[in-house]
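Undergrad: Okay, here's the prediction I keep looking at, along with the sequence it came from:
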Amino acid sequence: MRVVHAINNLAASSGTVITLLRRLVLRCLENSSNFQATHIRGVKNILADALSRFDFTHFFSAAPHAQKQGEPFPVQLWQLGTQGNCSS
């Protein structure tokens, strides 16, 4: 819920989250688009809930088609949260 609140209000107490929100807003302005976050309860969002709790047994039983090996995390996404990196 905190992420949904931060996105919808464009406000957060974390400097890293503010940096990410600024980048998101800049992308939306560049593309003439907007966004809104909606919270989906864990009981209705089984896969995301299982992953957020690191419950891989439950995740793979609910999604047997999912790859057992994850994809590498894109380097550019790691860099988004670094201080002062709000430019495109």
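TA: That came in fine, so what should we check first?
Undergrad: Please give the element, helix or strand, for His5.
TA: Taking DSSP states H and E as the definition, one finds His5 inside helix 2-9.
Undergrad: What is the helix or strand just after that helix packed up against?
TA: Following helix 2-9 in sequence order, the next helix or strand is helix 15-30 (DSSP H and E). Applying 3 or more Cβ pairs under 8 Å, 6 or more residues apart in numbering; DSSP states H and E, one finds that helix 15-30 contacts helix 2-9, helix 75-80. The way it works is simple: take the backbone N, C-alpha and C, and place the C-beta from them, glycine included.
Undergrad: from those helices, which stretch is densest packed?
TA: Across the helices and strands packed on helix 15-30, averaging neighbours per residue (mean count of other Cβ atoms under 10 Å) puts helix 2-9 on top, at a mean of 13.
Undergrad: burial count for Ala12?
TA: 17 (other Cβ atoms under 10 Å).
Undergrad: re the thing from before, okay, angle between the helix holding His5 and helix 15-30 too, please.
TA: 40 degrees (axes from the mean of the first three to the mean of the last three Cα atoms, to 10 degrees).
Undergrad: Contacts for helix 2-9, please.
TA: With contacts defined as Cβ atoms under 8 Å, 6 or more residues apart in numbering, helix 2-9 is touched by 12, 17, 21, 24, 35-39.
Undergrad: Could I get the average pLDDT for the one helix or strand Phe59 maps to?
TA: Using DSSP H and E, Phe59 sits in helix 56-62. When pLDDT is averaged along helix 56-62, the result is 96.
Undergrad: What of stretch 68-82?
TA: Stretch 68-82 comes out at a mean pLDDT of 80.
Undergrad: chain center to that stretch: distance?
TA: Averaging C-alpha positions (Cα atoms, centre = their mean, to the nearest Å) puts stretch 68-82 12 Å from its chain's average.
Undergrad: ok, now stretch 32-42?
TA: 11 Å.
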